[in-house]
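>>> Structure of the sequence below:
(chains A and B)
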Amino acid sequence: MSKTNINQHETIFSCFVRAGTSTLALNCTNNRLIAAGQQNFQLFSIESIDNIEQFKEIHDFRNAPRQPAISRYAFQPKDVSWNPNDENCFATVSGTSGYLYIWDATRLITIDQLNIHNTIINRLQFHPKHPNLLLTASQDGYAKLIDFRINNVDKVITSFRHSSKEGFRDIDINISNTHKFASVINDQYSVPIWDIRQPTQPDFSIVTRDKVLCIAWNPHEHFWLATGGIGGHDRTIRIWDGKGNDSRQEPLFTVYTFGQVTKLSWRPTCRYHIACFTRTADPRIHVWDIRRPYLPQASFCHHRNDIEDFLWRPNSDNIISVGRDERLIHAHISSAVQSEQIVSIFSLNVTSKGSIYISMPNIDNDYVRSLYNEQHIPLSSSNLRILYSQETLSTFLKWDKIIKGESILGIYSNTLHDNSIQLFHQFARRWIFGNGDKSLIALANICDINSTVSEDLNRPDLKATWQVIKMLYVDYDALQNYRTYSSKTSQSITISHHISDSISNHRYHYHQPGRKLTIIDKQRQDNRSYDELTDEKRIQLQEQRILTNSKLEMIDDTETYIVRDVLTDDIIFITPEDVLNYGNTNDMSYDNDIDLGLRRDSLSIPLIFNEPLPLTNTDGDCNKFSLNRITRQLTEVIILDDDDEMRHENEYDSTTGNMQTSIHSTIPDDSENFFTIDESYCPTIQKHSLNFDDVIRQTLWYYIENNELQVAVHLLLALYPQLNERKRIELFNGAHLQWLVMYIELLQKMRLFVKAKQVTKHCIENEGIPLSYNPSEFDGSIIFAVQTPTLKRFSAITSPTISSTSKNSPSIVKEFMCSICRIPCRGLFSFCGVCSHGGHIDHIQTWFKIHDECPYGCGHQCQYFDNQNCRSFVP
Amino acid sequence: MIKETLTMVNDIDNDRNDNKTSFMRPNILLTGLRRSGKTSIQHVIFTKIQPSQTQFLKSTPHLTINQFSCGSLINFQVQELPGQLHTFPSLQFSHSNGAQNGQSSLYDDNTTHLVSDGCDIELLLKQCNAVVYIIDAQDDYIQSVSNLNMIIQSGRHVNPRLRYEVFIHKVDQLSEEAKIETQRDIHNQVRDHFADVNGGTDLSPLTSFESNSNAQNILINFHLTSIFDHSIFEAFSKVIQKLIPQFNHLEDLLNYLISASNMEQAFLFDIQTKISIATDSSPTDIQMYELCCDMIDLLINVSQIYGRSNDNIIEAIEDDENEEHVASSIHESTNSYSNTTDEPSSNVFDSMSSSVIKLTGGRALYLKEINRHLALIGVLREETLSKQSIIEYNVNQLKKSILELFHLTCQTSASSLIS
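Numbering: from 1, shown residues only, chains lettered A, B, ... in the order given. Presented below is the predicted three-dimensional model:
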């Protein structure tokens, strides 16, 4: 019946119980356990067999012959409590009536039954010191103190009744001052604290913020009272000062949990830790450090279904829990998932415009300062994981306040958009598109060269794009492990924070204020609002300086970034350190790629990202730590196809490790906590091959729509061998041919005839692209005849370049159709330099008296271009 | 027979004091400042108009009295005191007003009556069993809270056992924090006021025992409500539940049901108004309540499309009524009760109505008709449904007991009134 498995540290053992177990109780000698509920009433022993602790069923009360005097409702206990002074005596209450039953665990019989309440008893508790006293809380509005020594019928010595006459939901007797007990009253926004000797009225009431369901006194800090709500809104655990000095007090601590708390229990070995499980479907028990309320310390994930009840074994870190999966599990906290090990701290989002959003924890807070002041940790280890880790927190007991969870949101944006024609020329000259070699190595070469060029020309966004392409296609094998999502195509500036699992190297940021990071000290996280709008101006001011200083060199070695998410407008990389010490990474050369790649291969483990270890060698312990973690944890990583359904989940991120967690910040959604953990801890391996077509399609279309025809065409040409005919049709629907033609036209207009020829030649000879015109016709001419309707959309793309260079246009124009009368123009005519539409001068003049838009119907606002852009020609 | 009893009650209403009628017809005084949403709440709950339509409602100029009965088992009366009438003349008007109030209940249910402009707040407070005070959370509520304090102040003298249910209304526009903060603020203001009155004792009105035991305890509950979601129904359910004399027995019955049928939770709903008149004793939350409300809507809508109207059956049984059938027979009692209702209930909801909905996450909802106005909704685990016949048997037993319970209370109250 029992099965055990042994951990190297502590034993996890479990056994099956009957269904419908909803409450557990452990006796004072720690060796008898009652598992009871609507359909169950079992007595277990916990004993060592062959030095392995195990559960062993001693008795099943429901299957035993029933004592005639006991009603069957006695075998559906709603609550069970052991006498803390008698290891063989326990009491149960019926789930349907006000009966209280006292049992003897050795003889396994009922020794007493008392009908003391009119209706169901919600909770009972033995007096911790006094073996003959028992307190009950009933739905009928009374809490009653029972003394077994009294000989009258119901043995009640004191009755407590709240003024609202509502039922008592829960009670808890304070351990240090056993005259005091706290109570939960139905539907009330207060927790009355009573004195056992004074039944007429409560000592005082703690006014809570919402309805309360469960309470627990802290065993160490004797007047800390934790309350958990169920009011329909509240998902918090609040810790109150139960001394009662100020009845309208603020909570000492507030923990934002994932659901409505059903049961609370303080960890016996640490005064700051409290365990709870929630009412919503969640098969985990979370242990929270109340000082660090945004992320659970540990999560027990042993159950496969909802938790029904749990308890700590006295003076240990072991939890016994029972769930709907009909298993009773005994587990040590070391077997729980430590969320700090699997969450990521940093988030970085790079947009194609060169704007970078980063968020990272702000370690410049009181907690960290006090850590340093107390010399609790050495100054050299400024690793964030260490600062906030469980080990540090559990040993640094001087700190008894909430750690303010602040983050820094930094925004770097590239406002230096150089649209000059020189840039176009430069790119046209220096970007290559291969020599017909269709291999991936050639593609890698193209990507590298092109990205270097982009970097030289101060377009880090384009460089990043090239690197992404390289990663997607060339490093495909390595990329098996990358988890890529295509995300929603929102064009808004993405504020979603893709947080990467990473190691922080905070000193760079912290000790180098000269970096001029745009720091927005956000409001506290529980306010959860980024006042970006109000801070915008400040950012704008600062980012100018940043840009001139740094030129956004931080997007340097894309191998150290992870492709998290390729948006149409946002290409997202994750970098851990580089944001902070991007100054160092300026010198990072591409040789590092090989190193990193080799290391990855040699480890033969999938990396979601690589820490640039050789580059951050200033912080040795940090590196060691990271390597350890990688080798220890990385076993399998989830690959998800980037199909549409993932788009809705793009706030989820994968992280390294065998536990898949997702963290998303609260900006885009209204979730309550800054950090929340994905429901799925258990990894599900999906062996889908990666398919980047959609990413590519979106990227190209994005560039097309944003007047970056040149980039799109070069990307297309570089990728042309990788895309087969069917795919090209599927992705671009033939439009890519138009792009090519237009690009060639553009080159010719720019007088880059050689380049135009090269492109044409490359297209036709190397790739076999069926261009829809004869290249010989285009010598030095603009083809106005190619005003096909399909071109309309893209004619606006070339606007900045054409408008400034149309004076270079050759004079030979074949038949120019008047957009209004549709008759070929002869003699003087007028056309828009941007959209190339026009016609007879008088027609056009009449038209623009009334309209702003192009008469051809292409949608261009020709009127906004002043006279110098509208030129006349005599053919 | 039952019909007669009820008319008798109404007759007695006229010339008797309200003490005994309150047993049959709990009296709720609905008040609050003007434009706080009193009429809207009534309309949304009892006449089922769309919440969005309520903005066109005219403000109510006079004291209006509406009587409602959920299938004749639960009767109550809602007096709406407009916020404009803050002239509260003292006792000299009490006689005339009392007579008029008495007369007004002559008229049948759901009708609106005019009462003279001078409203005697003290008389109203004396007559009613609960005060529902609406506070507009989107407005500045200082005036509203001081008005509430005044009502509580006068209520303490005339009717110390009065319940005050404060609806912090129109919270749908507020964020979660703002809701909690508003509630806390109002709570504190009320508490401070009475802490001062009590001579600075540091007791909240919720728990305020004064030092002597026969002091008045002010029973205040706060609810965050909005007509645009189910919170108004839930809050009103809580109000009604506290006024129903049979509530404790219903709760016990439901406790037995969930224990015997292995359910998680059980609700007793009035189909028409979606007011839950009883639940078992386990804690409920708004999500579960919403699920149940949606389930009722679903059932009614589907039955209206595919179900067979049973008007003719009712008539048939009405004819049989003369034969003095004992109401223990489920079918007949069901239908005979329905005669006395104020509103035509959904004519597709009958004794065959039941529904099972399986939810994701392994839960299931089980709905069964109790009578033409009441439905039982049980929340249970999907695996429990494998023993559905047991559940059905248990529910039938519950149904019998509930009908007997109401029959009994009808009889006893009638006899007590006659004597």
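>>> Roughly how far does residue A:750 sit from chain B?
As for residue A:750, its distance to chain B is 55 Å (criterion: Cβ to the nearest Cβ, to the nearest Å). Every C-beta, even on glycine, is put in place using the N, C-alpha and C of the backbone.
>>> Where does pLDDT dip in the stretch 701-850 of chain A?
Applying pLDDT under 70 to the stretch 701-850 of chain A flags the ranges A:766-815.
>>> What ranges does it have for its helices?
A:709-719, A:725-732, A:735-749, A:753-761, A:792-795, A:799-805, A:841-850 (DSSP state H, counting those that start in this stretch).
>>> Of those, which stretch is the most buried?
Each of the helices of the stretch 701-850 of chain A was scored by mean neighbour count; the highest is helix A:709-719, a mean of 24, by mean count of other Cβ atoms under 10 Å in any protein chain shown.
>>> and it, what other elements does it pack with?
Helix A:709-719 sits against helix A:421-430, helix A:440-456, helix A:460-469, helix A:693-705, helix A:735-749, with contacts defined as 3 or more Cβ pairs under 8 Å, 6 or more residues apart in numbering or on different chains; DSSP states H and E.
>>> quick one: contacts of stretch B:42-53?
Stretch B:42-53 is contacted from outside by B:30, B:40, B:54, B:57, B:66, B:68, B:78, B:80, B:110, B:227-228, B:232-233, B:236, B:272-275, using Cβ atoms under 8 Å, 6 or more residues apart in numbering or on different chains.
>>> Out of the residues you listed, which sit inside strands?
B:30, B:66, B:68, B:78, B:80, B:275 (DSSP state E).
>>> now the helices for the stretch 151-300 of chain B?
Counting by DSSP H, counting those that start in this stretch, the helices of the stretch 151-300 of chain B are B:176-197, B:231-243, B:247-261, B:286-306.
>>> what about the third one and chain A, any contact?
So the one you mean is helix B:247-261. Yes. Figure legend: helix B:247-261 in contact with chain A (Cβ under 8 Å from any Cβ of the partner chain); contacting residues B:248, B:251, B:252, B:255, B:256, B:259.
>>> Please name the spatially closest residue to the residue in the stretch 301-419 of chain B positioned nearest to chain A (chain neighbours excluded).
Among residues of the stretch 301-419 of chain B, the one nearest chain A by Cβ to the nearest Cβ turns out to be residue B:361. It sits 4.6 Å away. Using Cβ to Cβ, 6 or more residues apart in numbering or on different chains and skipping residues adjacent in sequence, the residue nearest residue B:361 is residue A:281, 4.6 Å away.
>>> Backbone dihedrals for the one you found, both of them.
When quoted as degrees, to the nearest 10, the phi and psi of residue A:281 stand at phi -60, psi 110.
>>> pretty sure it is touching residue A:307, no?
No. Checked against Cβ atoms under 8 Å, the pair residue A:281 and residue A:307 is beyond contact range at 10.0 Å.
>>> More neighbours: the two, which one.
A direct count of neighbours by other Cβ atoms under 10 Å in any protein chain shown for residue A:281 and residue A:307 places residue A:307 higher, at 24 against 14.
>>> beta partners for that one?
When bridges are called by DSSP bridges, residue A:307 pairs up with residue A:323.
>>> List the buried residues of the longest helix along chain B.
Across chain B, the helix with the greatest residue count (assigned by DSSP state H) is helix B:388-418. Across helix B:388-418, burial judged by 16 or more other Cβ atoms under 10 Å in any protein chain shown covers B:391, B:394-395, B:398-399, B:401-403, B:406-407, B:409-410, B:413-414, B:417.
>>> what packs against it?
Secondary structure elements in contact with helix B:388-418, counted by 3+ Cβ pairs under 8 Å, 6+ apart, are helix B:2-15, helix B:18-24, helix B:247-261, helix B:330-338, strand B:363-369, strand B:374-381.
>>> could you give the mean pLDDT of that helix?
Taken as a whole, helix B:388-418 carries a mean pLDDT of 82.
>>> what inclination does it have with respect to strand B:374-381?
Taking axes from the mean of the first three to the mean of the last three Cα atoms, to 10 degrees, one finds helix B:388-418 and strand B:374-381 inclined to each other by 140 degrees.
>>> what about stretch B:260-274, start to end distance?
Between the opening and closing residues of stretch B:260-274 we find a distance of 26 Å, counting by Cα to Cα, to the nearest Å.
>>> same question, stretch B:262-279
This stretch, stretch B:262-279, spans 15 Å end to end (Cα to Cα).
>>> now, among the ones in strands among the contacts of stretch B:42-53, which is nearest to residue A:31?
Residue A:31 has its nearest neighbour among these in residue B:275, at 50.4 Å by Cβ to Cβ.
>>> So chain A: which segments form each domain?
What the record gives for chain A is the domain set A:12-341, A:421-479+A:691-767, A:777-788+A:814-874, from the TED database.
>>> Ok, which of those domains comes nearest residue B:188?
Taking Cβ to Cβ as the criterion, domain A:12-341 is the member of the domains of chain A that comes nearest to residue B:188, at 6.3 Å.
>>> what does the average pLDDT come to for that closest one?
The predicted model gives domain A:12-341 an average pLDDT of 84.
>>> Switch the helices of the stretch 151-300 of chain B over to TSV; also include mean pLDDT, mean neighbour count and distance to residue A:143.
Rendered in TSV, the data for these read as follows (pLDDT from 0 to 100; neighbours: other Cβ atoms under 10 Å in any protein chain shown; distance: least, Cβ to Cβ, whole Å):
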stretch	mean pLDDT	mean neighbour count	distance to residue A:143
helix B:176-197	77	18	23
helix B:231-243	87	22	20
helix B:247-261	87	21	17
helix B:286-306	86	17	26
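>>> would you put the C-alpha positions of stretch A:163-178 in PDB?
What follows is stretch A:163-178 as a C-alpha-only set of coordinates in PDB (Å, rounded to 0.1, in the frame of the first residue of the first chain):
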ATOM      1  CA  SER A 163     -22.600  40.800  18.100                       C
ATOM      2  CA  SER A 164     -23.400  40.200  14.500                       C
ATOM      3  CA  LYS A 165     -24.800  36.800  15.500                       C
ATOM      4  CA  GLU A 166     -23.000  35.300  12.500                       C
ATOM      5  CA  GLY A 167     -21.400  31.900  12.700                       C
ATOM      6  CA  PHE A 168     -17.800  31.300  13.700                       C
ATOM      7  CA  ARG A 169     -15.800  30.100  10.800                       C
ATOM      8  CA  ASP A 170     -12.400  29.500  12.400                       C
ATOM      9  CA  ILE A 171     -10.600  29.900  15.700                       C
ATOM     10  CA  ASP A 172      -7.000  29.900  16.800                       C
ATOM     11  CA  ILE A 173      -5.700  30.000  20.300                       C
ATOM     12  CA  ASN A 174      -2.600  32.000  20.800                       C
ATOM     13  CA  ILE A 175       0.200  29.800  21.900                       C
ATOM     14  CA  SER A 176       2.000  32.200  24.100                       C
ATOM     15  CA  ASN A 177      -1.000  33.800  25.700                       C
ATOM     16  CA  THR A 178      -3.400  30.900  25.800                       C
END
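>>> in that stretch, what's buried?
So for stretch A:163-178, counting by 16+ other Cβ under 10 Å, buried means A:163, A:164, A:165, A:166, A:167, A:168, A:169, A:170, A:171, A:172, A:173, A:174.
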